[in-house]
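[1] only geometry, no sequence info:
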């Protein structure tokens with residue numbers, strides 16, 4: 001039996017040859033665990049076709065990566081032009097003063113107003129401020145709108161970066177000593193985090 005570990009670097013699975021002697025001639029066939037026993041005349045173009053497909057995938061992946069990186073740069077530029085922003089919402093309110101003789105006490109009256117209120121919850125603490133109709137209300141409206149645009153843009157940036165991370169190949173380390181040291185370093189790093197979490 002003739003044995004060969006690999007036929008092409010593009011094919012990751014192991015292959016081997018065996019010869020069956022028939023009369024005075026050697027009949028060579030190829031065994032592959034994915035496609036079974038096949039004639040060598042078929043296997044060679046099959047293998048070459050696999051190489052072409054692999055090259056196409058790598059080429060296509062590079063194009064996608066380049067496109068995503070270009071999109072990420074454009075999103076970062078948008079982030080630079082975002083301007084001022086703040087958290088919170090602006091609500092319009094009508095309130096009753098509670099005086100019996102006031103017009104707001106009449107049935108169907110909405111109450112005194114409109115009053116424009118900015119409010120936000122930051123670190124579990126509520127913040128609020130009455131806004132004057134005019135430039136102050138305009139300023140707060142623009143800032144809170146910008147904040148929502150900022151959140152939307154950040155989500156887009158995260159999604160694009162995650163796609164880039166998925167497509168980016170894992171770096172290979174050929175030096176066994178370097179790889180060994182890296183593993184030790186990562187083990188120490190994550191064990192430190194684990195012990196810290198357990199003791200908290």
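    Looks like it came in fine. Just so it is clear, the structure is predicted and the values come from calculations on it, not from any experiment. Numbers count the residues shown, from 1 in each chain.
[2] what's stretch 178-193 in contact with?
    residue 173 (Cβ atoms under 8 Å, 6 or more residues apart in numbering). Where you see a C-beta, it was placed from the backbone N, CA and C, and this is true even at glycine.
[3] got the contact list for the residue nearest the centre of the chain?
    Nearest to the mean C-alpha position of the chain, counting by Cα atoms, centre = their mean, stands residue 162 at 2.1 Å. Shown in contact with residue 162 (Cβ under 8 Å, 6+ apart): no residues.
[4] what's the answer for residue 120, then?
    Applying Cβ under 8 Å, 6+ apart, the residues near residue 120 are 86, 87, 88, 89, 126, 127, 128.
[5] let's see it at 6 Å
    By Cβ atoms under 6 Å, 6 or more residues apart in numbering, the contact list for residue 120 reads 87, 88, 127.
[6] and the next helix or strand past the one helix or strand the last one maps to?
    What it means is residue 127. Using DSSP states H and E, residue 127 maps to strand 125-131. Once the chain leaves strand 125-131, the next helix or strand it forms, by DSSP H and E, is helix 135-167.
[7] returning to that earlier point: who touches the strand holding residue 127?
    With contact meaning Cβ under 6 Å, 6+ apart, strand 125-131 is reached by 116, 117, 118, 119, 120, 137, 140.
[8] and if we set it to 10 Å?
    87-88, 90-91, 93, 115-121, 136-141 (Cβ atoms under 10 Å, 6 or more residues apart in numbering).
[9] could you give the angle of the lengthiest strand in the chain to helix 135-167?
    Ranked by number of residues, the top strand in the chain under DSSP state E is strand 112-122. With axes from the mean of the first three to the mean of the last three Cα atoms, to 10 degrees defining the directions, strand 112-122 sits at 30 degrees from helix 135-167.
[10] just give me how far strand 112-122 sits from the chain centre.
    Remark: strand 112-122 is offset 36 Å from the chain centroid, using Cα atoms, centre = their mean, to the nearest Å.
[11] can you list the strands that it pairs with?
    strand 89-95 (antiparallel), strand 125-131 (antiparallel) (DSSP bridges).
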